[in-house]
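> 3D model of this:
(one chain, ligands or ions: 2)
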Amino acid sequence: MGKVFAFHGGVHPPENKKQSTRTPIAQAPLPKMLYIPLQQHIGIAANPVVNVGDRVLKGQLIAEPVGRISASLHAPTSGIVRSIGPHPVPHASGLESDCITLETDGQDEWIEHQGLQDYTRLEPSVLIEHIRQCGIAGMGGAGFPTDVKLHLGDDHIVNTLIINAAECEPYITADDMLMRERAADILSGIRIISHLLRPSHIMIGIEDNKPQAIHALEAVLKGCELNIDIRVVPTKYPSGGERQLIQLLTGLEVPSGRIPADIGIVCQNVGTATAIHRAVHFGEPLISRIVTVTGDAVAKPQNFEALIGTPFADLLEAANLYEGRLFRLVMGGPMMGVTVAHDQIPVIKTTNCIIAASDEEMPQAPPEQPCIRCNMCEQVCPVTLLPQQLYWFSKGREFDKARNHNLFDCIECGACAYVCPSSIPLVQYYRFAKSEIRTEEAEQRKADHARQRFEARQARLEREQAEKEARRKARAEEAARAQQSRKNTEAEKAQSASDSAAPAASAAPDLKQLKTAAAVARTKLKKARDAFKNAEDKGLDGIDALRATLTDLEQKSEEAEQAFKAAEQAEAAAAAEKGVDLKQLKIDAAMARAAVTKLERALTKTEDEQARREMETELVEARKKSDALNQSLSEHSPA
Ligand code: SF4
Ligand code: SF4
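Ligands and ions are numbered 1, 2, ... in the order given. Next comes the predicted model:
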């Protein structure tokens, strides 16, 4: 027996434990229906993995954990899943929550399961995962997933493991009976926890009102290789509170806002140790627990091993409920428990007690009176808070002040309300304030989240707009460059065309000039011929010179005619290349024919020889031109 320290405050309410310890733990009858809440633990609710109508076997996974702080759920017996939906659950709010409703088939048929061969040879992470898969959650308090407490990481060195066997609430004897009857299982569970955490010291904290349990533990610890101390603490409420027990056993206080692991301590409940033992050695998930059913309204107060999901009504019936005597149904102990109005609420992993109280046993609370500032509440508070101040702040909705006065360190033990002469339901005020603060924080988180999303959206829209604008600008610049490039190309083309057109124009024959030149040459030739004829007829001197001139002029006239014809043909060819104006061609052909006819008529009427010869020459040319135009016309006319 080592040294035991003390904690501030505490109360000594009537224990009322003897009523339920007269008989051994009984197996609760198999209910017709089990209601298994998806939320039985601190953290995120489990996610169902079965469907309505499925037949499931005992121990089969029916809901898997979601995220790190969550626990899986298993079928407590074999049967058919009848529904997944709202049902009354054990919660102070009295609200319904999602449950898997299982209709039992009475066969209690197990799924194939087996324990681990030698857990000491396994990697700690494998062993912890096995415990997680078995859905073990703390069975003495708020139901914290056990695997999280076993997997602390390198930043927490555990020196001391405390096994909480101080069942301090009046009426509750579930842990007491468990220790009396299953001390060996508890030790087995402690061995597994110790293997994982490697503490240098293990202490079992137990109150001095449990002599049989102490004796049972001492018996199994004889010869145990582990460094385990049983520390018997005085019976005082709430010595079973985690922080109070730590203070009792070590003299250390867990700082506000910190966890025991921060000072090298881990606490586990005896029920949790037993569940770990069953999970590791038999592969059994957490599907049942010990529940104390007591109170003046039951004829046989006792402890039952009840399946998770068992309605309170079934346990009350098993404990022989006196219907007429039942005044109040309390879930938990009289200090921290809550009154429930529904007997179909099911047992969950943290349900340790159901009190069916008579009127005399738990009478209606007297009306609340004004606070007389007697300070009794402060004297009993085990957390050394100022309950009176917290009350004023909570009542006045001054939640910031309540928080600053460490409202969240309040363990809701109810010691302050128990001693309050004004019958003020102090814990209810604190729960209300905590709930409001949590709601405000949740709303603030939601608002922050919404603001962050809005800002992210705005930033995204602005970024997209900027990108769009940049793309538009790039397109505009590209278009401007393309337009400029086109203009340059066209200018170059125009320049090139101009450059190439200039010599062509200068080289191209001037048809009109050539025609004129040919006509002039003809006229000169005509005059030379007349002069030569006259000289020849009259026998004038210089006839040879005239003949030479005439020959020269004939040659020049011939050349002029040739040049004109060549130019004329080139122009016609060019016109043909460009595409022929058919209408113009028709007109030209008609005019050429008319010219031929006109020359032919004139020729018949002319008697002058010289004129006739000239006309004949013109007629030959006119016919050639007419023939050429007619030929072109026939080539380009549509078939
Ligand atoms: S015990 Fe009750 S009456 Fe006395 S100070 Fe505290 S709240 Fe006020
Ligand atoms: S309920 Fe809270 S304030 Fe009251 S005694 Fe307990 S810890 Fe202190």
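
> Could you grab the helix/strand/coil label for the spatially most central residue of the chain?
With distances taken as Cα atoms, centre = their mean, the residue of the chain nearest its centroid is Arg453 (12.4 Å). What DSSP: H, G, I helix; E, B strand; the rest coil gives for Arg453 is helix.

> Against which helices or strands is the strand or helix carrying Ser97 packed?
Per DSSP states H and E, Ser97 falls inside strand 96-104. Here strand 96-104 touches strand 33-37, strand 61-64, strand 79-88, going by 3 or more Cβ pairs under 8 Å, 6 or more residues apart in numbering; DSSP states H and E. (Glycine included, C-beta is placed from N, CA and C.)

> Of all the residues in the next helix or strand after that strand, which ones are buried?
For strand 96-104, the following helix or strand on the C-terminal side (DSSP H and E) is helix 124-133. Judged by neighbour count using 16 or more other Cβ atoms under 10 Å, the buried positions of helix 124-133 are Leu127, Ile128, His130, Ile131, Arg132, Gln133.

> Give me the distance from the helix or strand just after helix 124-133 to the chain's centre.
Downstream of helix 124-133, the next assigned helix or strand under DSSP H and E is helix 146-150. In terms of Cα atoms, centre = their mean, to the nearest Å, the centre of helix 146-150 is found 27 Å from the chain centre.

> again with stretch 265-274
Distance of stretch 265-274 from the chain centroid (Cα atoms, centre = their mean) equals 36 Å.

> Rounded mean pLDDT for that stretch, please.
Average pLDDT, stretch 265-274: 96.

> Wasn't Val330 part of a helix?
No: Val330: not assigned to a helix; according to three-state DSSP it is strand.

> list the contacts for the residue in the stretch 101-250 of the chain that ligand 2 sits nearest to?
For the stretch 101-250 of the chain and ligand 2, the shortest gap (Cβ to the nearest ligand atom) falls at Pro238, measuring 7.3 Å. Pro238 sits next to Gly10, Cys168, Glu169, Gln244, Met335, Pro382, Ile411, Cys413, Ala415 when contact means Cβ atoms under 8 Å, 6 or more residues apart in numbering.

> what's the closest of those residues to Ala574?
Nearest to Ala574 out of the contacts of Pro238 is Ile411 (Cβ to Cβ; 112.6 Å).

> I'd guessed the closest one sits against Arg243; true?
Yes: between Ile411 and Arg243 there is a contact under Cβ atoms under 8 Å: 7.1 Å.

> Output the below-cut-off pLDDT ranges for the stretch 401-550 of the chain.
494-509 (pLDDT under 70).

> Would you mind listing what in it touches ligand 1?
Neighbours of ligand 1 within the stretch 401-550 of the chain, by Cβ under 6 Å from any ligand atom: Val419, Cys420, Pro421, Ser422, Ile424.

> Out of these, which sit inside strands?
The strands, defined by DSSP state E, take in nothing from those.

> From the contacts of Pro238, which land in helices?
Secondary structure from DSSP state H places Gln244, Ala415 of the contacts of Pro238 in helices.

> PyMOL command to pick out the buried ones of the contacts of Pro238?
The following PyMOL line selects those of those that are buried, judged by 16+ other Cβ under 10 Å:
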select buried, resi 10+168+169+244+335+382+411+413+415
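
> Can you narrow the contacts of Pro238 down to the ones near ligand 2?
Within the contacts of Pro238, those near ligand 2 by Cβ under 6 Å from any ligand atom are Pro382, Ile411, Cys413, Ala415.

> quick one: which two of these are the most distant?
With distances taken as Cβ to Cβ, the most widely separated pair in the ones next to ligand 2 among the contacts of Pro238 is Ile411 and Ala415, at 9.3 Å.

> between these two, what contacts are shared?
Pro238, Pro382.

> For the ones next to ligand 2 among the contacts of Pro238, give me JSON lines that also has distance to His195.
Listed next are the ones next to ligand 2 among the contacts of Pro238 as JSON lines, based on distance: Cβ to Cβ, whole Å:
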{"residue": "Pro382", "distance to His195": "33"}
{"residue": "Ile411", "distance to His195": "30"}
{"residue": "Cys413", "distance to His195": "33"}
{"residue": "Ala415", "distance to His195": "37"}
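
> OK, contacts around Ser194?
Residues near Ser194 by Cβ under 8 Å, 6+ apart: Leu161, Ile202, Leu226.

> Buried residues of the strand holding Ser97, list them for me.
Buried, per 16+ other Cβ under 10 Å, within strand 96-104: Ser97, Asp98, Cys99, Ile100, Thr101, Leu102, Thr104.

> thought the last one was touching Gly79?
When you say that, I think you mean Thr104. Yes: the pair Thr104 / Gly79 is scored as a contact, 4.2 Å apart, by Cβ under 8 Å.

> anything in contact with each of these two?
Leu34.

> Any chance you could list what contacts stretch 29-39?
By Cβ under 8 Å, 6+ apart, stretch 29-39 touches 45-48, 62-63, 73, 75-77, 79, 82, 87, 89-90, 97-104, 106, 108, 307-311, 314, 318, 344, 346, 348.

> Any of these buried? List them.
For the contacts of stretch 29-39, buried by 16+ other Cβ under 10 Å: 45-46, 48, 62-63, 73, 75-77, 79, 82, 87, 89-90, 97-102, 104, 307-311, 314, 318, 346, 348.

> Now do stretch 420-433: everything it contacts.
With contact meaning Cβ under 8 Å, 6+ apart, stretch 420-433 is reached by 92, 336, 365-372, 374, 376-377, 387, 390-391, 393-395, 399, 402, 407, 410, 412, 414, 416-417.

> rerun that using 7 Å as the cut-off
The contact list for stretch 420-433, computed with Cβ atoms under 7 Å, 6 or more residues apart in numbering, reads 92, 365-372, 374, 376-377, 387, 390-391, 394-395, 399, 402, 407, 410, 412, 414, 416-417.

> In strands only, show me these.
Among the contacts of stretch 420-433, no member falls in strands (DSSP E).

> near ligand 2 too, which of these?
Among the contacts of stretch 420-433, ligand 2 is touched by Pro387, Cys410, Glu412, Gly414, Cys416 when using Cβ under 6 Å from any ligand atom.

> Let me have the residues you listed in CSV, extended by neighbour count.
Putting these into CSV (neighbours: other Cβ atoms under 10 Å) gives the following:
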residue, neighbour count
Pro387, 29
Cys410, 22
Glu412, 18
Gly414, 25
Cys416, 29
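
> Among those residues, which one sits closest to Ala570?
Cys410 (116.5 Å).

> mind listing what Phe41 touches?
Heads up, residue 41 is His, not Phe. Counted by Cβ under 7 Å, 6+ apart, His41 has contacts Ala71, Ala137, Gly143, Phe144, Pro145, Lys349.

> so the fifth one touches Ile69, yeah?
Going back to what we said before, that points to Pro145. Yes: judged on Cβ atoms under 7 Å, Pro145 makes contact with Ile69 at a distance of 5.9 Å.

> circling back: ok and the strand holding Ser97 relative to strand 79-88, angle-wise?
If you take axes from the mean of the first three to the mean of the last three Cα atoms, to 10 degrees, strand 96-104 sits at 160 degrees to strand 79-88.

> Can I get strand 96-104 in PDB? Just the C-alpha atoms.
The C-alpha coordinates for strand 96-104 follow below in PDB (Å, rounded to 0.1, in the frame of the first residue of the first chain):
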ATOM      1  CA  GLU A  96     -33.300  10.700 -30.800                       C
ATOM      2  CA  SER A  97     -30.300   9.600 -32.700                       C
ATOM      3  CA  ASP A  98     -29.500   7.100 -35.500                       C
ATOM      4  CA  CYS A  99     -29.500   3.500 -34.300                       C
ATOM      5  CA  ILE A 100     -29.200   0.100 -36.000                       C
ATOM      6  CA  THR A 101     -32.200  -1.900 -34.900                       C
ATOM      7  CA  LEU A 102     -31.500  -5.600 -34.800                       C
ATOM      8  CA  GLU A 103     -34.200  -8.200 -34.300                       C
ATOM      9  CA  THR A 104     -32.600 -11.000 -32.500                       C
END
